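Undergrad: Sharing a model prediction with you, sequence too.
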Amino acid sequence: MRIIFMGTPELAAHCLDGLAKAGYELPLVVTQPDRPKGRGQKLAFSPVKEKAMELGLPVFQPRRVREAEAVEFLRQIAPDVIVVAAFGQILPKAILDIPPLGCINVHASLLPAYRGAAPIQWVLLNGERETGITIMKMEEGLDTGPMLLQKKLRIPDTMTGGQLYDELSSLGRSALLEALPLWAEGSLEPIPQPAENVSYAVRLERNHEVIQWGLPATRLINQIRAFQPEPGAFTYWQGKEIKILEAQVLDPEEEAALIAQFHEKRPEKACVPGMVIGILRKKGLAIKTGQGALLVTCLKPVGKQPMDGGSFINGYRVETGDLFQDRTQ
């Protein structure tokens, strides 16, 4: 089977590696153009480009894959199928119509839930207990094509975005390798996506990473997990950005006891979201939220290494009544 592969991040690189090791013919790998990265803003290869170079495969990096020259170049390759995994550009009908077996997409959610750009983070942000991989035949709509195969994955309460990404990368690879030969031989029946339970995982922006202390503690835990290890959910401490890397919901009885102690010592001060209501030096710092409280155990100031809660308390002289904020002022 002659395959053009399109993808960009690490999840896609796992799929490409699987196809190569399974012996498929890969005349072309398509990935996003090199992007500036890091403090030096040096051009960096995508994980898919790095994997393609490691495998000795030709790489094509169009600025816009829908441009006529790019479409014609792909047509000349004459693939049997195009496999897409988190490519990052929408394919036009002119490309979808090129291969006889169509364009097959590896999507990191259980469609029709979480169509779009960031399904892995959004399932965690929304506290979902299950996700998975959908292998689908692409059409012009955004992740609307018929489904060929689904694999489910349970989400443990403590799973982070990085851990879920790794699990889905492995699952996506195995699901693709299972579905592809069955699709080629006609053994898979495309199943239209149901009209119910459709949701969208919109592209993440920096404002999604800011901790809004007025939200419930359970929601903030989901946010911290979703953005761990990168880019990190953050707050502001004395006008400076602080990433919160690890936390847990404080036991309600312990929260009530800390609030009672706080009011006993500082009866004139209102207890508001974002306020430090307790210093637990061997554990971390307790912070009030809109509903419940968080016990923060690992933080990372800008330009510093991650530190445990006790080290942050000592190094930054944190006291009860101090405020973490969702803006610089």
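TA: Ah, there it is.

Undergrad: show me what contacts Ile191?
TA: Pro146, Met147, Leu148 (Cβ atoms under 8 Å, 6 or more residues apart in numbering). (Glycine included, C-beta is placed from N, CA and C.)

Undergrad: what does Gly132 give?
TA: Gly132 touches Ser109, Leu110, Gln150, Lys151, Lys152, Leu153, Leu168, Leu171, counting by Cβ under 8 Å, 6+ apart.

Undergrad: I'd like to know which of those is nearest to Gln32.
TA: Leu168 (19.7 Å; Cβ to Cβ).

Undergrad: Need phi/psi at the closest one.
TA: phi -70, psi -30 (degrees, to the nearest 10).

Undergrad: ok, which stretches of this protein are helices?
TA: For the chain, the helices defined by DSSP state H occupy 10-21, 47-55, 68-77, 93-96, 119-125, 161-184, 217-226, 252-265, 309-316.

Undergrad: okay if I get those helices as JSON lines plus mean pLDDT?
TA: Converted to JSON lines, the helices of the chain look like this (pLDDT from 0 to 100):
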{"stretch": "helix 10-21", "mean pLDDT": "98"}
{"stretch": "helix 47-55", "mean pLDDT": "97"}
{"stretch": "helix 68-77", "mean pLDDT": "98"}
{"stretch": "helix 93-96", "mean pLDDT": "98"}
{"stretch": "helix 119-125", "mean pLDDT": "97"}
{"stretch": "helix 161-184", "mean pLDDT": "98"}
{"stretch": "helix 217-226", "mean pLDDT": "97"}
{"stretch": "helix 252-265", "mean pLDDT": "92"}
{"stretch": "helix 309-316", "mean pLDDT": "91"}
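
Undergrad: In a markdown table, list the ones you listed along with distance to Thr297 and mean neighbour count.
TA: As requested, the helices of the chain are exported to a markdown table (distance: least, Cβ to Cβ, whole Å; neighbours: other Cβ atoms under 10 Å):
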| stretch | distance to Thr297 | mean neighbour count |
| --- | --- | --- |
| helix 10-21 | 27 | 22 |
| helix 47-55 | 31 | 20 |
| helix 68-77 | 49 | 14 |
| helix 93-96 | 48 | 16 |
| helix 119-125 | 19 | 24 |
| helix 161-184 | 17 | 19 |
| helix 217-226 | 11 | 22 |
| helix 252-265 | 14 | 14 |
| helix 309-316 | 5 | 17 |
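
Undergrad: wait, which of these is closest to Gln291?
TA: Using Cβ to Cβ, these put helix 217-226 closest to Gln291, at 6.3 Å.

Undergrad: where does this protein have low pLDDT?
TA: 38-40, 328-329 (pLDDT under 70).

Undergrad: domain assignment for it?
TA: 2-201, 207-325 (automatic domain parsing).

Undergrad: re earlier: okay, the helices of the chain in TSV with distance to Gln325 next?
TA: Supplementary listing: the helices of the chain in TSV, determined by distance: least, Cβ to Cβ, whole Å:
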stretch	distance to Gln325
helix 10-21	34
helix 47-55	36
helix 68-77	47
helix 93-96	47
helix 119-125	21
helix 161-184	24
helix 217-226	14
helix 252-265	18
helix 309-316	15
